[in-house]
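A.B. asks: Fold the stuff below for me.
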Amino acid sequence: MIRSRVSGVSAYQRGLVAITALALLARTVLLGTVPRFWGDEAFNAVQVRKPLLSMLDVVRHDSHPPLIYLLQALIATVSTSPAALRLVSALAGTAAVLLSAAVGRRLAGDRAGLLAAAVLAAFPGYLLSSRDARGYALAMALVLAASLTLWRAIERPTRGRLAVYGVCVAGAVYTHYFAVPAVGVQLVVALWAFRPGKRVAARLVIAAGLGGLTLVPWLAVATAQFQHAGSSFWVAPIHFGSLLADLWTRVGQTPGEELTTLGTLLGEAALVPLVVVLYRRADPARRPAVLYLLGCALVPTAALLAASLVKPVYDTRFVLIFWGPGEAVVGASLAVIPWRWVAPAVCIGLVMASVLSLSQIQRPDFEAVAAPLKGHVQPGDVVALNGADHYFSIAYAVDDATARRMVVVADDIPWYFGTAGYPPGTQVHAIPNVPGRIYLVTDEGRRLPRIPSGFKLASSSCHGGVCVDAYAR
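C.D. replies: Next comes the predicted model:
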């Protein structure tokens, strides 16, 4: 009986199971320890520890929709460990591998589906976002799901298919605001590429509209987020005239995030000749699908680049939200290339780039940094952070009593440091003159704020370039 069941499994199914298993393994091995929580992840981790309404109050004043926080808050009822809170992204990133396979297979057959899955599983940006407690992997997976369900709904616009498409749209826009242009572009490009009848087009627009309109109640209570629109952003400006020099600098410095940006840009450029081959070899009935998937990836990317000429918003993490459908095109393109060695070479190259990106991510072990604080901070003490960089990482690592004694010494803190999550009185312009001890948390080599008179250095501990200096009278 067992042998008959195994013999009934196709080569495609066996290959997909193997690729998905490897993708899941890569996204979950050492998920809680390498690396430790960093600033944005720690912001999520600190918020989901709060009661539900308090958490949502912080989120509506920050900069994102609430879905990733709600899912992590559900997991936090069991555990708030790094591995647990990153699990949503890991599972979403793995699900995206299956979705990419489905899209690639519909486009050009079994081999295209397997290669689409392999490319998405091995691409550094998707792997890194799937090991991160933020919402980028979930948003990408839902945008990819929307592209697939929209395609299916165009072919057969049943109520069930339209409903699933609308749910995917709603999930995507509730995960990240950059999913809004992504799903909007998908619909416009689909209507252009497939040219469905007016009745079908109307049903698609209604399904997408209903899914998108579910975000309106959230926007109504999150009006405070709109105040960030005209303020500064963390994304660096794009200088097209010096782009090659900038890329060369990235190669020389090689942090993991910059390698991911370089890999994304090179992948976008390499897609052009691959798509030409695919389009020329594709059956005429499949050519609209090639244009559709390509448009889903390229049009919002181009819009983001154009917008960055006015206000910098081009960031690899945002772009990868759009690019799930594009990876299916890459897989299908590799499948039709006559040189069979090209596809394995590309996949091996992506795996090596992913391993290199993971190995070069270096962040402080904030558990070790916070060790001199936990259990030692008394009610009359203060924990003063020299700048806002590590506030949430320290707040996550210490106990609640220590977190309540934390302040950030800074004249001006941009909103994107998560100031919506600061308790009242967290930002100060000088270290308070407290009756007890002062614990100063600062980066090595950074200029120190003025210590109140009468205090002298009692002890010092440094880990990963972050120091905790204790001052006593």
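
A.B. asks: buried set for stretch 387-405?
C.D. replies: 387-398, 402-403, 405 (16 or more other C-beta atoms under 10 Å). Yep, even glycine has a C-beta here, placed from its N, CA and C like the rest.

A.B. asks: starting at the chain centroid, how far to stretch 365-377?
C.D. replies: 28 Å (C-alpha atoms, centre = their mean, to the nearest Å).

A.B. asks: List the buried residues for it?
C.D. replies: Buried, per 16+ other C-beta under 10 Å, within stretch 365-377: Phe366, Glu367, Ala368, Val369, Ala370, Ala371, Pro372, Leu373, Val377.

A.B. asks: residues contacting the second one?
C.D. replies: Applying C-beta atoms under 8 Å, 6 or more residues apart in numbering, one finds that Glu367 lies in contact with Arg36, Ala397.

A.B. asks: Now with 6 Å, please.
C.D. replies: Counting by C-beta atoms under 6 Å, 6 or more residues apart in numbering, Glu367 makes contact with Ala397.

A.B. asks: Low-confidence stretches in the stretch 251-400 of the chain?
C.D. replies: Where the stretch 251-400 of the chain drops to pLDDT under 70, the residues are 251-277, 279-280, 282.

A.B. asks: returning to what we had before: dump the buried residues of stretch 365-377 to CSV, plus secondary structure and distance to Ala297.
C.D. replies: What follows is those, written out as CSV (DSSP: H, G, I helix; E, B strand; the rest coil; distance: C-beta to C-beta, whole Å):
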residue, secondary structure, distance to Ala297
Phe366, helix, 36
Glu367, helix, 39
Ala368, helix, 41
Val369, helix, 40
Ala370, helix, 42
Ala371, coil, 45
Pro372, coil, 48
Leu373, coil, 46
Val377, coil, 50
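
A.B. asks: what helix or strand does the closest residue to Leu162 other than its chain neighbours sit in?
C.D. replies: Nearest residue to Leu162 in three dimensions, chain neighbours excluded: Ala207, at 4.3 Å (C-beta to C-beta, 6 or more residues apart in numbering). In this assignment (DSSP states H and E), Ala207 forms part of helix 198-213.

A.B. asks: Also Gly15?
C.D. replies: Judged by DSSP H and E, Gly15 forms part of helix 11-28.

A.B. asks: what does that helix contact?
C.D. replies: By C-beta under 6 Å, 6+ apart, helix 11-28 touches Ala90, Gly93, Thr94, Val97, Ala101, Asp110, Leu114, Ala117, Ala118, Ala121, Ser130, Arg131.

A.B. asks: Out of those, name the ones that lie in helices.
C.D. replies: Ala90, Gly93, Thr94, Val97, Ala101, Asp110, Leu114, Ala117, Ala118, Ala121 (DSSP state H).

A.B. asks: Report pLDDT for Pro196.
C.D. replies: Per-residue pLDDT puts Pro196 at 95.

A.B. asks: So it is in contact with Ile154, correct?
C.D. replies: Yes. Pro196 is within contact range of Ile154, at 5.4 Å (criterion: C-beta atoms under 6 Å).

A.B. asks: Between these two, point out the one with more neighbours.
C.D. replies: Neighbour count, other C-beta atoms under 10 Å: between Pro196 and Ile154, Ile154 has more, with 23 against 17.

A.B. asks: Export the helix or strand the more buried one falls within to PDB, keeping only CA atoms.
C.D. replies: Element membership of Ile154, judged by DSSP H and E, is helix 136-155. Below are the C-alpha coordinates for helix 136-155, written out as PDB (Å, rounded to 0.1, in the frame of the first residue of the first chain):
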ATOM      1  CA  TYR A 136       7.800  42.100   4.700                       C
ATOM      2  CA  ALA A 137       7.700  38.400   4.100                       C
ATOM      3  CA  LEU A 138       4.000  38.200   4.900                       C
ATOM      4  CA  ALA A 139       3.200  41.200   2.600                       C
ATOM      5  CA  MET A 140       5.200  39.600  -0.200                       C
ATOM      6  CA  ALA A 141       3.400  36.300   0.200                       C
ATOM      7  CA  LEU A 142       0.000  37.900   0.200                       C
ATOM      8  CA  VAL A 143       0.800  40.100  -2.800                       C
ATOM      9  CA  LEU A 144       1.900  37.000  -4.600                       C
ATOM     10  CA  ALA A 145      -1.200  35.100  -3.600                       C
ATOM     11  CA  ALA A 146      -3.300  38.100  -4.900                       C
ATOM     12  CA  SER A 147      -1.600  37.900  -8.300                       C
ATOM     13  CA  LEU A 148      -2.300  34.100  -8.500                       C
ATOM     14  CA  THR A 149      -5.900  34.300  -7.400                       C
ATOM     15  CA  LEU A 150      -6.600  37.300  -9.700                       C
ATOM     16  CA  TRP A 151      -5.300  35.200 -12.600                       C
ATOM     17  CA  ARG A 152      -7.500  32.300 -11.600                       C
ATOM     18  CA  ALA A 153     -10.500  34.600 -11.200                       C
ATOM     19  CA  ILE A 154     -10.000  36.000 -14.700                       C
ATOM     20  CA  GLU A 155     -10.000  32.500 -16.200                       C
END
